[in-house]
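Enquirer: Build me a model:
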Amino acid sequence: MGDGAKVRGRAGRARGTRGRDRPGQRAPGDTSGRGRSGRDRRLRGGERAVTSEATESGHRTGFVGIVGRPNVGKSTLLNKLVGEQVAIATPKPQTTRDRIRGIRTWDDWQAVFVDTPGIHEPRTRLNRYMVDLAVGTLAEVDLAYLLVDAPALIERQAKNDAENERIIGYVAEAKTPTFLLVNKIDMVKDKGLLLPMIERLAGLHAFAEVVPISARRGEGLEALLQLTRERLPEGPAMFDADELTDRPVRFLAAELVREQLIMQLGQELPYHAAVRVDAWEERPNGTVALYATIVVGRKSHKPIVVGRAGAKIKAIGQSSRLRIERFLERSVYLDLRVKVDEGWIDKPDALRELGYEE
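Expert: I've put the predicted structure just below:
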């Protein structure tokens, strides 16, 4: 499997192309789409062509954007809907920095679910890139899911209402049919508190549907999928039936390393760290050798990542390697280095090099 290989279901994961990322597939932060004969141009400002054959058969296909505040469960929902992990998900906010497209195919329809960064008040150039990406997605999809965190809305009503009202304003401006998804209902002990909260939000916008769910447990997702199918336009499938995402494995490997950075380091440092895959080699014995750089934004962060006698970066490397091996279903040699690039989150050239600027 080359570093630009398609990511398929486990039965077809070994298939792919060798070499670097193919045209239209940048890593680690590609937001330009797949370059796939123009068939998914809606996410790049174009229009999809619908064949008469597909229309007559009643096959449906479309893009579904997933938006909301940070840490409301968007990536968890994407992974549940696709059936495998295609986006990293952690308990910490702002884990997702890019659009991640997850694909699921049925006999008579196909959905391309688009996970987006959490919409928040941006304070850095990287944050602005993330928010612009999420807001821009609303106008480029056939259907949107606005995900809200039910326990947070109940416990911190005023603060969360204000933030969600701002996001609902973006939804209204985009004029895209939108489902309000009330997530984490399994964590609300007093279910009597759900209805007033739902009525309050539903009064702010004419949502196409309101669906209570638990993305973590999969509750309500079958009903959600049925409602989603009914809303998508008729058209041919845009991806092969066994494809899970349009992202190359190189990008996903870098994300799995970043996931471990987030999980194993303190609150502030992960937001000033990025991962760049420098080289990807396939050895004769079948092992994948992956060389990557962890870029941190302050000199004081490097010793934190490295740890005493290299203990922390060793732990990050070991857990990342296991995650990548599980994903690739192959042995992996992972070499991690740490580089300081002061203030990279506000430097256009650095962001562009890491794939965070178009």
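
Enquirer: if I pick residue 93, what's in contact with it?
Expert: Contacts here follow CB atoms under 8 Å, 6 or more residues apart in numbering; on that basis residue 93 touches 70, 71, 118, 120. C-beta coordinates here come from the backbone N, C-alpha and C atoms, glycine included.

Enquirer: between these, which is nearest residue 61?
Expert: Nearest to residue 61 out of these is residue 118 (CB to CB; 27.0 Å).

Enquirer: Find the residue closest to that closest one in space, skipping its chain neighbours.
Expert: In space, residue 118 comes closest to residue 70 once its chain neighbours are excluded; the distance is 2.8 Å by CB to CB, 6 or more residues apart in numbering.

Enquirer: Now do the SS call for that neighbour.
Expert: Residue 70 falls in the coil class when you classify it by DSSP: H, G, I helix; E, B strand; the rest coil.

Enquirer: What pLDDT does the model give it?
Expert: For residue 70, the pLDDT comes out at 94.

Enquirer: I figured it hits residue 122, correct?
Expert: No: taking contacts as CB atoms under 8 Å, residue 70 lies outside contact range of residue 122: 11.5 Å.

Enquirer: between those two, which one's more packed in?
Expert: residue 70 (17 against 13; other CB atoms under 10 Å).

Enquirer: Thought residue 149 was touching residue 188, still the case?
Expert: No: in this structure residue 188 lies outside contact range of residue 149 using CB under 8 Å: 10.2 Å.

Enquirer: all helices of the stretch 251-358 of the chain, in order?
Expert: Per DSSP state H, counting those that start in this stretch, the stretch 251-358 of the chain carries helices over the ranges 301-306, 311-328, 348-353.

Enquirer: Next, format those helices as TSV and append mean neighbour count.
Expert: Output for the helices of the stretch 251-358 of the chain, formatted as TSV (neighbours: other CB atoms under 10 Å):
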stretch	mean neighbour count
helix 301-306	17
helix 311-328	17
helix 348-353	14
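
Enquirer: so which of the contacts of residue 93 is the most crowded?
Expert: Result: residue 118 is most packed of the contacts of residue 93 (other CB under 10 Å), 24 neighbours.

Enquirer: In this protein, what helix or strand scores lowest on average pLDDT?
Expert: Sorted by mean pLDDT, DSSP states H and E, the helices and strands of the chain end with helix 52-57, the least confident at a mean of 50.

Enquirer: Residue ranges in the stretch 251-358 of the chain under the pLDDT threshold?
Expert: Applying pLDDT under 70 to the stretch 251-358 of the chain flags the ranges 268, 358.

Enquirer: Show me the strands in it, by range?
Expert: With DSSP state E, counting those that start in this stretch as the criterion, the stretch 251-358 of the chain has strands at 273-282, 288-296, 332-340.

Enquirer: In the stretch 101-250 of the chain, what residue spans correspond to strands?
Expert: For the stretch 101-250 of the chain, the strands defined by DSSP E, counting those that start in this stretch cover 109-115, 143-149, 178-183, 209-212, 243-245.

Enquirer: any chance of the strands of the stretch 251-358 of the chain in TSV, with distance to residue 318 too?
Expert: Shown next, in TSV, are the strands of the stretch 251-358 of the chain (distance: least, CB to CB, whole Å):
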stretch	distance to residue 318
strand 273-282	16
strand 288-296	14
strand 332-340	9
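
Enquirer: For residue 65, find the nearest of these.
Expert: strand 273-282 (24.1 Å).

Enquirer: Give the pairing partners of that closest one; include direction for each.
Expert: strand 288-296 (antiparallel) (DSSP bridges).

Enquirer: Give me the residues contacting the strand it pairs with.
Expert: Residues outside strand 288-296 that contact it (CB under 8 Å, 6+ apart): 1, 253-254, 257, 261, 269, 272-283, 302, 305, 313, 324, 328, 330-341, 344, 350, 354.

Enquirer: Tell me which of the helices of the stretch 251-358 of the chain lies nearest to residue 215.
Expert: Comparing the helices of the stretch 251-358 of the chain by their distance to residue 215 (CB to CB), the top pick is helix 311-328, with 20.5 Å.

Enquirer: which secondary structure elements does the closest one contact?
Expert: Counting contacts by 3 or more CB pairs under 8 Å, 6 or more residues apart in numbering; DSSP states H and E, helix 311-328 packs against helix 249-264, strand 288-296, helix 301-306, strand 332-340.
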